[in-house]
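# sequence unknown, structure follows:
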């Protein structure tokens, strides 16, 4: 008897793309119908057209994603980049907790092909790579990377060997590096044990010795929580346990891990080759090192060590390993006529790539003032960038057990983004998580107080008096432990603005006494002056804030402060310009829409007023003249403020805003 030979199995070498929605179950639990409808729209208008544009075919839908096949890895990558960019565009206005983002995995493999499906290890690896990709990101295998290297417009970071679920051999993986200072990469993931929780230090923390950049560094810890780092030229002292800063303790227990917020300010280059200008570049380097060392939890290599690298070519990856740090600040100074220009960047030492850069220009005739201004602006910008970068690093850590510092940094990263009711609540939740793990975490206390005050000022609070009481208690605890904290005084002032603007002004003055270059203190003082009936005095401090930090995450709010001051003194053309600037920076902040509508109403621009009112109603459908009056009068009992505020209400009425 002759056995029939089975039909030949069709196989071919293909590029496989697997994509799914990050956090799909959470999104469906929150709102099934809206999530389903939104996903269908994104697939139809973003994902599937990109796949078709690059010669791919959708093999099957997987509920929250899809599986696609391409004849070329290059085209698979191009399709993924195209649809990830398109998804960003289509979801840019969505609330953070409801935003749909895709993760993508791409692999090349020999697969089994059926009419409506594909099978094999090549498919399984693509799916597993997708599971470790970051939201909005693309993760590819080494086989795919070898095919696309140098042929596509994006770059990839090497993640090393990955142990993927149900794949019996390690797979080398690469993560797409997305453009922009706000983007994150997966380079930071440790190459060993990346998908399992990292070991935490336990038991008594022991003193350890390590050689740092050829200079002896001593890391000592005692039971009371005092941790001291000695570096050549610099001493950094933190009260680690008291303030919840576990960075140094973890670094001591795990010397292969660089401390959080650890960096060096490399000597700024003098591009004029004029030795007489060296003092200015060196002064910027020294002052910036001192200012950044005051950041809570910062670990800064001292000036003495940093200046050993002056006028030398530095390999950034090697620098990070030698000094045991994560970041480097670099800069250059150039004089052109009567102007001085400085370029500054922040580099991730694990990749050697810049994650942020900025340029500063000033008058050469007053170098001392310029140096102070630049140092203050740099310190603020770098503080924000480092916190956001460390937050991204923390989020990419697959550990399911983040510590209090992780939660606190994630909270501040939210604070440093565009503010909405949702993001404010998310930040507060993160600070609460930090305080549950470490009730004495000062940064989390301050962050929570800031969020509560922000909620009151924006009309999101359901119990103003109770919230103000909680926030005041938190910030008073911070000031008891950190009396020289300018940010704590600013936060306390923000609590007092609502209902007691005159009492808030001394807090902002106290902050400026500690830090004369605090942009937040200047800006908050400006809006307090408006609320205290002194609107004409408000312009200068807010303008100083914008000069000190023109690209600040809070710049949208600061432009609203200027808009509000202009409306109060009936300078409507200037108010319209500032309100528009504010809205362009944060379209979800409802406050500037109100003043813009009032300004249009006061000047008879009723068509523009109605268009703006429609935009406001999309954000705040409950808005009425009476509601606005109640909010405004609750802010201040000052007679001058209320007279000016009545003019704003009249502008709203003329614009057609409903009374009740």
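Sure thing, it's come through. Remember, it's a predicted structure, so these values are computed and weren't measured experimentally.
# Please compute how far stretch 600-608 lies from its chain's middle.
Offset of stretch 600-608 from its chain centre (Cα atoms, centre = their mean, to the nearest Å): 37 Å.
# Kindly apply the preceding question to stretch 427-447 instead.
18 Å.
# May I see the buried residues of it?
Neighbour-count burial for stretch 427-447, counted by 16 or more other Cβ atoms under 10 Å, picks out 427-431, 433-435, 437-438, 440-447. C-betas here are computed from N, CA, C, even on glycine.
# can you check stretch 511-518 too?
Neighbour-count burial for stretch 511-518 [16+ other Cβ under 10 Å]: 511-512, 514-515, 517-518.
# in the stretch 351-500 of the chain, which spans are strands?
353-363 (DSSP state E, counting those that start in this stretch).
# List just the nearest of the buried residues of stretch 511-518 to residue 335.
Nearest to residue 335 among those is residue 517, at 23.0 Å by Cβ to Cβ.
# quick one: that closest one and residue 548 touch, right?
Yes - applying Cβ atoms under 8 Å, one finds residue 517 in contact with residue 548, separated by 5.9 Å.
# got any ranges where the stretch 1-150 of the chain has weak pLDDT?
The model of the stretch 1-150 of the chain has pLDDT under 70 over residues 1-8.
# could you pull out the helices for it?
24-30, 32-42, 48-53, 73-90, 121-132, 142-148 (DSSP state H, counting those that start in this stretch).
# for the last one, packing partners?
This points to helix 142-148. Helices and strands touching helix 142-148, by 3 or more Cβ pairs under 8 Å, 6 or more residues apart in numbering; DSSP states H and E, are helix 73-90, strand 102-114, strand 171-177.
# Equivalent analysis for the shortest one, please.
Helices and strands in packing contact with helix 48-53 are listed as strand 57-61, helix 73-90; criterion 3+ Cβ pairs under 8 Å, 6+ apart.
# So in the protein, where's the weakest helix or strand by average pLDDT?
strand 208-212 (a mean of 25; mean pLDDT, DSSP states H and E).
# mind listing the helices in the stretch 301-450 of the chain by residue range?
303-306, 316-323, 367-396, 404-415, 421-437, 442-457.
# Comparing these, which yields the minimum mean pLDDT?
Here the helices of the stretch 301-450 of the chain differ in mean pLDDT, and the lowest is helix 367-396 at a mean of 62.
# looking at the helices and strands packed on helix 48-53, which is buried most?
helix 73-90 (a mean of 21; mean count of other Cβ atoms under 10 Å).
# what distance separates that one from the centre of its chain?
For helix 73-90, the distance to the chain centre is 23 Å (Cα atoms, centre = their mean).
# Report the inter-axis angle for it versus helix 121-132.
30 degrees (axes from the mean of the first three to the mean of the last three Cα atoms, to 10 degrees).
# Need the residues that contact helix 73-90.
15-17, 19, 41-42, 45-47, 49-51, 53-56, 68, 70, 100-102, 104, 106, 108, 136-138, 140, 143-144, 147-148, 151-154, 176 (Cβ atoms under 8 Å, 6 or more residues apart in numbering).
# Can you tell me the SS state at the residue lying closest to residue 639 once chain neighbours are set aside?
With sequence-adjacent residues excluded and distances taken as Cβ to Cβ, 6 or more residues apart in numbering, residue 639 is closest to residue 533, at 7.0 Å. At residue 533 the chain is in coil, as set by DSSP: H, G, I helix; E, B strand; the rest coil.
# List the contacts of residue 533.
With Cβ under 8 Å, 6+ apart, residue 533 has these contacts: 636, 638-641, 644.
# ok, these vs residue 598, which is closest?
Using Cβ to Cβ, those come closest to residue 598 at residue 644, 11.1 Å.
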